[in-house]
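Peer 1: Here you go, sequence then predicted model.
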Amino acid sequence: MKILGIETSCDETAVAVVVDGVKILSNQIASQVEIHARYGGIVPEVASRQHILAIIPVLNQAMAEARTTWGDLDGIAVTIGPGLAGSLLVGANMAKAIALAHRLPITGVNHLEGHIYANWLVDPSPDFPVVCLIVSGGHTDLVLMRGHGDYVVLGRTRDDAAGEAFDKAARILGLGYPGGPAIERAAIDGSAVSIPLPRSWLKGSSDFSFSGVKTALLRLVEGGIISSPADAAASFQEAVVDVLVTKTVAVAREYGVRQILLAGGVASNKLLRECLAKNSPIPVLVPAPVLCTDNAAMIAACGYFRFKAGKVDDLDLDVVPGLKLA
Ligand code: KG4
Ligand code: ZN
């Protein structure tokens, strides 16, 4: 089954063609990062205008790269939420137009569910039950997945998401936007032991909290105590990764899962990938970095499993900016 995936929930215009939820024929991404970097963060109105400019060229590139015609496609999968309303609308309307014109079935995909399915592009048959740590700019969720489409959210952040914390810490340290890759780059030349930062363990709960470590960093910078942004970046990265890894492994043990899956933009962080693999007694799956950050291959992969489960939507499908996973 050949599925066209479309993703425009935030600041990447992405289109992909994936076969049977596991084999990528094309994966095109037009990033707006340089445009938003000028403002130090995403400007929603600018994002939706850019999606309008980019969507047709990106669609044409994805179809050409996959050497696919409209007649070869079996369905369209599109992100309907969570995300920015104006951005989501561009992808959803494009998907509906294609579905109508070419009489193709359409399915609306939850962006977070899409992030999880990036793992099927690494290993076509993860062993259920699994625990998935989704770490993105807007979410930090620990999810128990007992089968396709079957999710129980075991823990989530009570304040900042992990990616949001990286972005805010980078701003505090003057390292630029997006913050995750900037912190990771700066940390290479730093030492994590020189600046001790606190960890919020929230004992007895699988939830997370990252606003405390961010505020601690801010206080140290305001107090003129930090002389090396590289040391501060390394300490911050280690504090966040320490909590993410420890809580994920604890939940995986508690629920006796067979595998741990990593997903979302922060999952492209090398320290997180390495620490989780090193500290987990349970096999860990991690998608390639380009499949961790926003892309449409993961949406097409998820769409395939939705179609297989009979989850076809009507053409009155609408976007849901606050869509929840479970
Ligand atoms: O999943 P994603 O691409 O978009 C959302 O759905 O939010 O995640 C974006 C987030 C941003 O906060 C970005 O700073 C963070 O992922 N990120 C990273 C890295 N690459 C992206 N955080 C830490 N280390 C990275 N290498
Ligand atoms: Zn995302």
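Peer 2: Alright, I've got the coordinates. Ligands and ions are numbered 1, 2, ... in the order given.
Peer 1: Please count neighbours and contacts with C-alpha atoms only from this point.
Peer 2: OK.
Peer 1: Please list the residues of the stretch 51-200 of the chain that sit near ligand 1.
Peer 2: Applying Cα under 6 Å from any ligand atom, we find that the stretch 51-200 of the chain lies next to ligand 1 at Ser136, Gly137, Gly138, Gly163, Glu164, Phe166, Asp167, Pro178, Gly179, Gly180, Pro181, Glu184.
Peer 1: Lowest-confidence one in those?
Peer 2: pLDDT across those is lowest for Pro178, at 92.
Peer 1: In contact with Ser48, which residues are there?
Peer 2: Gly86, Ser87, Val90 (Cα atoms under 8 Å, 6 or more residues apart in numbering).
Peer 1: Next SSE downstream of the strand or helix carrying Gly5?
Peer 2: Using DSSP states H and E, Gly5 sits within strand 2-7. The first helix or strand that comes after strand 2-7 along the chain, using DSSP H and E, is strand 12-19.
Peer 1: Now do that next one: which elements does it pack against?
Peer 2: Other elements packing on strand 12-19 under the criterion 3 or more Cα pairs under 8 Å, 6 or more residues apart in numbering; DSSP states H and E are strand 2-7, strand 23-31, helix 44-65, helix 297-308.
Peer 1: So it, near ligand 1 or not?
Peer 2: No: contact of strand 12-19 with ligand 1 (Cα under 6 Å from any ligand atom) is absent, the minimum separation being 8.3 Å.
Peer 1: could the residues of the stretch 51-200 of the chain next to ligand 1 go into a markdown table alongside distance to Pro57?
Peer 2: Below are these laid out as a markdown table (distance: Cα to Cα, whole Å):
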| residue | distance to Pro57 |
| --- | --- |
| Ser136 | 27 |
| Gly137 | 26 |
| Gly138 | 28 |
| Gly163 | 29 |
| Glu164 | 30 |
| Phe166 | 32 |
| Asp167 | 30 |
| Pro178 | 25 |
| Gly179 | 28 |
| Gly180 | 28 |
| Pro181 | 27 |
| Glu184 | 32 |
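Peer 1: Out of those residues, name the two that are farthest from one another.
Peer 2: Farthest pair in those (Cα to Cα) is Gly138 and Glu184. Separation: 18.7 Å.
Peer 1: quick one on the thing from earlier: return a selection command, for use in ChimeraX, containing the buried ones of the residues of the stretch 51-200 of the chain next to ligand 1.
Peer 2: Buried subset of these, written as a ChimeraX selection, criterion 16 or more other Cα atoms under 10 Å:
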select :136,137,138,163,164,166,167,178,179,180,181,184
